[in-house]
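Asker: Next comes the sequence, and after it the predicted model I'd like to discuss.
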Amino acid sequence: MTDVHKALAELETIRSQIASVLEFRGYGPATLAATGLLAVLAAALQGMLIRQPARHPGTYLKLWVATAALSLALISLEAVSRVRRSQSALALPMLRSAGEEFLPAIVAGLLVTVVIWRGAPQDIWILPGLWQVLFSLGVFASCRLLPRPMFGAGLWYLASGLVLLAHASCPCTLSPWAMGIPFGIGQTVVAAVLWTAYREHHEIA
């Protein structure tokens, strides 16, 4: 039985290794486009309800953390649903690999947010730029599992984040559109890249 268990474990390892280099098709283009729209809606809501975010950092953070959490939930539910519908034996290992690639960026973003909120809430102006830079790292880490043009989306988030960090002392970094425009455009680009790739494989979501 020991040899059998060892062989099964080796097969599982091989399957996981294969899944880690194949293209992951669990992300839904429509859902990703919807998260871009959600960022634009959150920006509009901030513009209406939070006139001076620097004076109300808690409210500002709640809005954008809630937006990020909802977006992550939508993407995750869609990915799980697509994996369940897939008949590929590698679908689940590939979902796990995709999650492992992006998870460090998500955790880092959350921890940075908590540290700044608890230790220096007056410095929240730096968060939009940091969020976008960290998000770009998640995109770059996931590129090996996604279509090659996705690298361009990572560059977009990196560039937008660096621009905000370069003007971090400016009140404009807390403007609603400092988040709404980068994520609205970025997620639309991500959705377009995936839609094009899926169309080529006759797998449009």
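Answerer: On my side now, so go ahead.
Asker: now the helices for the chain?
Answerer: For the chain, the helices defined by DSSP state H occupy 2-19, 29-49, 57-85, 91-119, 127-142, 150-166, 177-200.
Asker: tell me the angle the shortest one makes with helix 57-85.
Answerer: Taking axes from the mean of the first three to the mean of the last three Cα atoms, to 10 degrees, one finds helix 127-142 and helix 57-85 inclined to each other by 20 degrees.
Asker: what's helix 127-142 in contact with?
Answerer: The contact list for helix 127-142, computed with Cβ atoms under 8 Å, 6 or more residues apart in numbering, reads 24, 61, 64, 98, 101-102, 104-106, 108-109, 112-113, 116, 150-151, 153-158, 160-165, 168, 173-174, 178-179, 182-183, 186, 190. Backbone N, C-alpha and C define where each C-beta goes, glycine included.
Asker: returning to what we had before: dump the helices of the chain into TSV; add mean neighbour count and mean pLDDT as well.
Answerer: Compiled in TSV, the helices of the chain are given as follows (neighbours: other Cβ atoms under 10 Å; pLDDT from 0 to 100):
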stretch	mean neighbour count	mean pLDDT
helix 2-19	11	47
helix 29-49	18	96
helix 57-85	16	92
helix 91-119	16	89
helix 127-142	21	96
helix 150-166	18	96
helix 177-200	20	93
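Asker: Can you report phi and psi for the residue nearest to His56 when sequence neighbours are not counted?
Answerer: Excluding the flanking residues, the one nearest His56 by Cβ to Cβ, 6 or more residues apart in numbering is Ile50, at 5.8 Å. Taking degrees, to the nearest 10, you get phi -120, psi 80 for the backbone angles of Ile50.
Asker: Go ahead and confirm Ile50 touches Leu61.
Answerer: No. At 10.4 Å, Ile50 does not count as touching Leu61 under the criterion of Cβ atoms under 8 Å.
Asker: separation between Ala153 and Gln122?
Answerer: Ala153 sits at a distance of 32 Å from Gln122 (criterion: Cβ to Cβ, to the nearest Å).
Asker: Then Gly26?
Answerer: Applying Cβ to Cβ, the value for Gly26 to Gln122 is 40 Å.
Asker: Next: Gln46.
Answerer: Gln46 sits 18 Å away from Gln122, taking Cβ to Cβ as the criterion.
Asker: Who are the contact partners of Asp123?
Answerer: When the contact criterion is Cβ under 8 Å, 6+ apart, the partners of Asp123 are Ile116.
Asker: Looking at it now. What's its pLDDT?
Answerer: Looking at Asp123, its pLDDT stands at 89.
Asker: Check the one 3 residues further on too.
Answerer: Looking at Ile126, its pLDDT stands at 94.
Asker: Not counting residues beside it along the chain, what's closest to it?
Answerer: That would be Ala168: by Cβ to Cβ, 6+ apart, it lies 5.2 Å from Ile126.
Asker: what do you get for Leu61?
Answerer: Spatial nearest neighbour of Leu61, excluding adjacent residues (Cβ to Cβ, 6+ apart): Trp117 at 5.8 Å.
Asker: Isn't that neighbour up against Pro57?
Answerer: Yes. Counting by Cβ under 8 Å, Trp117 touches Pro57, with 6.9 Å between them.
Asker: Overlap in contacts, those two.
Answerer: With Cβ under 8 Å, 6+ apart, Trp117 and Pro57 have common neighbours Ile124.
Asker: Alright, that wraps it up for me.
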